[in-house]
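1. Give me the fold of what follows.
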Amino acid sequence: MQDGHDADDPKQSTADMTIFVQNLLQQMQSRFQTMSESIISKIDEMGNRIDELEQSINELRAEMGQEGSPSPSAPLKTKEDPKAADDSA
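-> Numbers count the residues shown, from 1 in each chain. You can find the predicted model right below:
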């Protein structure tokens, strides 16, 4: 009878090991899925922030263009500046 019992132990041990490995793989897959979703979420958030930053920069450029265009004195100063005249020559 002991021989029959010994024959079942390796089978039971193999089954237990298989279940253990399957559970471990499922846990790993779940963790990787969670990390993947988190990374994708962060990338989407960064993309949105970059889009907002780009829009803000474009708005600032537009404002500076509107403010800078009516001022004719700025180009005159560069012509009167001796350093500017030396650079252009």
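
2. Quick check: which helices or strands does the longest helix seen in the chain pack against?
-> Identified as the longest helix of the chain according to DSSP state H is helix 2-68. For helix 2-68, there is no helix or strand it packs on, judged by 3 or more CB pairs under 8 Å, 6 or more residues apart in numbering; DSSP states H and E. No exception for glycine: its C-beta is placed from N, CA and C like everyone else's.

3. CA atoms only for stretch 59-69 - export them in PDB, please.
-> The C-alpha coordinates for stretch 59-69 follow below in PDB (Å, rounded to 0.1, in the frame of the first residue of the first chain):
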ATOM      1  CA  GLU A  59      -1.800  82.300 -27.800                       C
ATOM      2  CA  LEU A  60       1.200  84.100 -26.300                       C
ATOM      3  CA  ARG A  61       2.800  84.400 -29.800                       C
ATOM      4  CA  ALA A  62      -0.400  85.800 -31.100                       C
ATOM      5  CA  GLU A  63      -0.600  88.300 -28.300                       C
ATOM      6  CA  MET A  64       3.000  89.300 -28.700                       C
ATOM      7  CA  GLY A  65       2.500  89.700 -32.400                       C
ATOM      8  CA  GLN A  66      -0.500  92.000 -31.900                       C
ATOM      9  CA  GLU A  67       1.300  94.000 -29.200                       C
ATOM     10  CA  GLY A  68       4.600  94.200 -31.200                       C
ATOM     11  CA  SER A  69       3.200  95.200 -34.600                       C
END
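
4. what pLDDT, on average, does that stretch get?
-> Stretch 59-69 carries an average pLDDT of 83.

5. Could I get the buried residue list for that stretch?
-> For stretch 59-69, the buried set under the neighbour-count rule, 16 or more other CB atoms under 10 Å, is empty.

6. what do you get for stretch 44-54?
-> In stretch 44-54, counting by 16+ other CB under 10 Å, buried: nothing.

7. what pLDDT, on average, does it get?
-> For stretch 44-54, mean pLDDT rounds to 97.

8. do the same with stretch 14-23
-> 95.

9. Pull out the buried residues from that stretch.
-> Buried residues in stretch 14-23 (16+ other CB under 10 Å): none.
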